[in-house]
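Chemist: sequence and computational prediction follow.
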Amino acid sequence: MTERLATALQKYWGYGEFRPMQKEAMECLCTGRDVVVVLPTGGGKSLCFQAPAVTSPGLAVVVSPLISLMKDQVDALTECGVPAARIDSSVSPEERDDVLEQIRNRRLKLLYISPERLVSESFSKYLQKLDLSFIAIDEAHCISMWGHDFRPEYRQLGSLRKVFPKVTIGAYTATATEHVRRDIAEQLSLRDPAMLVGSFDRPNLIYKVRPRNRIVKQVCEVIDRHRDESGIIYCIRRRDVDEMAAALTVKGFCVAPYHAGMSDEARKKNQDDFVTEKIDTIVATIAFGMGIDKSNVRYVIHAGMPKSLEHYQQESGRSGRDGLEAECCLFYSGGDYGTWKSLMGEMDPQAKEIALAKLSRMYRYCTEGVCRRKAILEYFGQSLGKNECSACDICLGDVDSIEDSLIVAQKILSCVLRLGQRFGGAYTAMVLTGSRDQRILDNGHDTLSTYGLLSEHDSHAVQNWIEQLTGQGFLEKTGDYNVLVVTTEGRRVLKGEVTPRLLRPTQKPERKAKVATDAWQGVDRRLFETLRMVRGALARERGIPAFVIFGDAALRDMARRRPSTLQAFLEVKGVGQTKARQYGRIMVERIRAHCIEHAIEMDLSPL
Ligand code: ADP
Ligand code: ZN
């Protein structure tokens, strides 16, 4: 059985090996065991049901929450030569008849449908008469009220077990919380399901966190590193989205906005333009993301702090699905905390308490200065294990802790006390740096013993240390004006019992993460660019997203191996038989032409 799965993986997808957990997940379906598969975004969940569907004799039914998701997956499967189709409200009666005909002839392997349709009386009666291999529920957390994306129509899937008592059910999600996983199994009445939970580590993502100061400039620096590549910029409010999109457009970047305040059409257009690579970058609120399967997003920027680490993991996780390096840059400010708090508005007190705790945890993540990867994994109850992190700002040494953290922290905390715990961060920083601001003079604060104690630093730096102390729990912001108060822990700092860790950006040039250089090992960049153009042209011709034709990983492997024959082309990772037949000739021709022109070697076989 495993052999057949491996053969299918190679033949249709051109992949030589399973990703972690894939084999186990596939074997469950093949042996009739219900299963819940939890893998992070980009972990390769879809293949966990797609490959078994190919090797099983009957028809597999896949439930998906969004038409756009179904469409992308069906397009991608069709490109790979796997007989797949969808039936949804956007499919014409003729197309639908055609699908039913394929089912009748037992040609179809995967059928994508909405949850409503699956449990509807007429359709489920129809399906009951067929030989179903299994039912796969994609984005299964949508069934749980505890998840972040509850969908009432998913709740109806609770009746699935009764309607299809004999059919194996698999549920797939990237949701990390234990509670939701258990809820999924319960809601679906799974029978002794295998719970397969993969590691949430995404080794190819490079995490960076910086205080926000001149945000447009900061964002431009990131995009500049990723010219012609796809990226997402998240902002907290719609207004921020519009402003950021406008500012970047003025600077000549090719971006489009996306938020819930826009018309459905405008939003859909921008999303489509992003997926088909007419535009490189989307500037969005968190309304954007679900249903975006685009595998080659090379960076995600947060221009404001997300409201929880769950959200951060989800949103940043939309980059690098193809396993290639991607950059996740988060720019935060203490003010974001207040923004989210005010956006919460009226809420059930208990829910609000939970939301605030998550927000504080997020804030601490920004300011505490420990390995970002470790912090995220620990939040989800996992550890980095023996895997090392060499791809976050802390581990790369992009930030240094200052040597005299304790003394600086004590100066700040005592200044807060001297100010009677009645002022905010900006004011406190001005006092500490010895500002001649009129307000300070009027208040007589230039006579305080702490006035000018940190005058060798600029007030931005001091203000950021105040944020760090707040994030680490030594200071607290209170009231509507975010007045600083020293906490019990903060008092211990004053006594010298604990030492906070204060950071500042390093002066050294940024080091490149190893994942970023490794993924380009041996790749002829110019050839990669040429092949990317060819891919783009093919995609436009056929009206499908470019990454559905070939992922970036496959293109890089082509530009690395530089195959001169169709046979050699089949060796490329991510090239299955159908794609080789379909596009092999044109790609090989271009590769040959390029290599001859530039006199570079062909038919390499990297290890
Ligand atoms: P998820 O649904 O978990 O976010 P996907 O199923 O979209 O992830 O897979 C992410 C990417 O990884 C896709 O481009 C997919 O083709 C690729 N992939 C999946 N399994 C493998 C594998 N065994 N080897 C190489 N690439 C894989
Ligand atoms: Zn790290």
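Modeler: Thanks, I have it. Ligands and ions are numbered 1, 2, ... in the order given.
Chemist: what's the burial count for the residue nearest to residue 394 when sequence neighbours are not counted?
Modeler: Nearest non-adjacent residue to residue 394, counting by C-beta to C-beta, 6 or more residues apart in numbering: residue 371, 5.2 Å away. (Each C-beta comes from the backbone N, C-alpha and C, glycine too.) Using other C-beta atoms under 10 Å, residue 371 has 19 other residues around it.
Chemist: what do you get for residue 605?
Modeler: By other C-beta under 10 Å, the residues close to residue 605 number 9.
Chemist: contacting residues for it?
Modeler: For residue 605, the residues meeting the contact criterion (C-beta atoms under 8 Å, 6 or more residues apart in numbering) are 561, 571.
Chemist: how far away is it from residue 568?
Modeler: Look at residue 605 and residue 568: by C-beta to C-beta, to the nearest Å, they are 9 Å apart.
Chemist: ok, now residue 313?
Modeler: Distance of residue 313 to residue 568, given as C-beta to C-beta: 39 Å.
Chemist: who has more neighbours out of those two?
Modeler: Neighbour totals were compared for residue 313 and residue 568, and residue 313 leads with 23 against 18 (other C-beta under 10 Å).
Chemist: so that one sits in a strand?
Modeler: No. Under DSSP: H, G, I helix; E, B strand; the rest coil, residue 313 falls outside any strand and is assigned helix.
Chemist: for the nearest residue to it once chain neighbours are set aside, what are its contacts?
Modeler: Ranked by C-beta to C-beta, 6+ apart and with sequence neighbours excluded, the top spatial neighbour of residue 313 is residue 376, at 6.0 Å. Applying C-beta under 8 Å, 6+ apart to residue 376 gives the contacts 200, 207, 309, 312, 313, 365.
Chemist: three-state assignment of residue 376?
Modeler: Recorded secondary structure, residue 376: helix (three-state DSSP).
Chemist: where do the contact lists of residue 605 and residue 568 overlap?
Modeler: By C-beta under 8 Å, 6+ apart, residue 605 and residue 568 have these common neighbours: residue 561.
Chemist: would you agree residue 423 falls within a helix?
Modeler: No. The assignment for residue 423 (three-state DSSP) gives coil, which keeps it out of a helix.
Chemist: may I have the phi/psi pair for it?
Modeler: Main-chain dihedrals, residue 423, degrees, to the nearest 10: phi -130, psi 160.
Chemist: burial measure for it, as a count.
Modeler: Neighbours of residue 423 (other C-beta under 10 Å): 21.
Chemist: kindly report the same for the one 10 residues further on.
Modeler: For residue 433, the neighbour count with other C-beta under 10 Å is 20.
Chemist: report the contact partners of the residue of the stretch 51-200 of the chain found nearest ligand 1.
Modeler: Residue nearest to ligand 1 within the stretch 51-200 of the chain: residue 174 (6.4 Å; C-beta to the nearest ligand atom). Listed by C-beta under 8 Å, 6+ apart, the contact set of residue 174 reads 38, 39, 40, 41, 43, 45, 141, 314, 317.
Chemist: distance of the fifth one relative to residue 127?
Modeler: Residue 43 sits 29 Å away from residue 127 when distances are taken as C-beta to C-beta.
Chemist: the two: which has the busier surroundings?
Modeler: Legend: neighbour count by other C-beta under 10 Å for residue 43 and residue 127, higher for residue 43 (24 against 20).
Chemist: now do the SS call for that one.
Modeler: Secondary structure, three-state DSSP: residue 43 is coil.
Chemist: wait, it sits on residue 25?
Modeler: No. The pair residue 43 and residue 25 does not pass the contact test of C-beta atoms under 8 Å, sitting 10.1 Å apart.
Chemist: dihedrals phi and psi, the residue nearest to the spatial centre of the chain?
Modeler: By C-alpha atoms, centre = their mean, the mean C-alpha position of the chain lies nearest to residue 317, the distance being 1.6 Å. For residue 317, the backbone dihedrals (degrees, to the nearest 10) come out as phi -70, psi -10.
Chemist: identify the residue nearest it in space, chain neighbours excluded?
Modeler: That would be residue 41: by C-beta to C-beta, 6+ apart, it lies 3.9 Å from residue 317.
Chemist: repeat that for residue 471.
Modeler: Using C-beta to C-beta, 6+ apart, the closest residue to residue 471 is residue 367 (2.7 Å).
Chemist: near ligand 1, which residues of the stretch 51-200 of the chain?
Modeler: Within the stretch 51-200 of the chain, no position is adjacent to ligand 1 by C-beta under 6 Å from any ligand atom.
Chemist: list the contacts for the closest residue to ligand 2 within the stretch 51-200 of the chain?
Modeler: Going by C-beta to the ion, ligand 2 is nearest to residue 200 of the stretch 51-200 of the chain, at 14.3 Å. Taking C-beta under 8 Å, 6+ apart, we find residue 200 in contact with 40, 176, 313, 376, 377, 380, 382.
Chemist: again, only this time at 6 Å
Modeler: Taking C-beta atoms under 6 Å, 6 or more residues apart in numbering, we find residue 200 in contact with 40, 176, 377, 380, 382.
Chemist: surely the residue nearest to residue 394 touches residue 396?
Modeler: No. Residue 371 is beyond contact range of residue 396, at 10.1 Å (criterion: C-beta atoms under 6 Å).
Chemist: quick one, what contacts whichever residue of the stretch 101-250 of the chain sits closest to ligand 2?
Modeler: Using C-beta to the ion, residue 207 is the residue of the stretch 101-250 of the chain that sits closest to ligand 2, at 7.2 Å. Counting by C-beta under 6 Å, 6+ apart, residue 207 touches 328, 372, 392.
Chemist: need the three-state assignment for it.
Modeler: The local conformation at residue 207, judged by three-state DSSP, is strand.
Chemist: identify the residue nearest it in space, chain neighbours excluded?
Modeler: Counting by C-beta to C-beta, 6+ apart, the residue nearest residue 207 is residue 372, at 3.9 Å.
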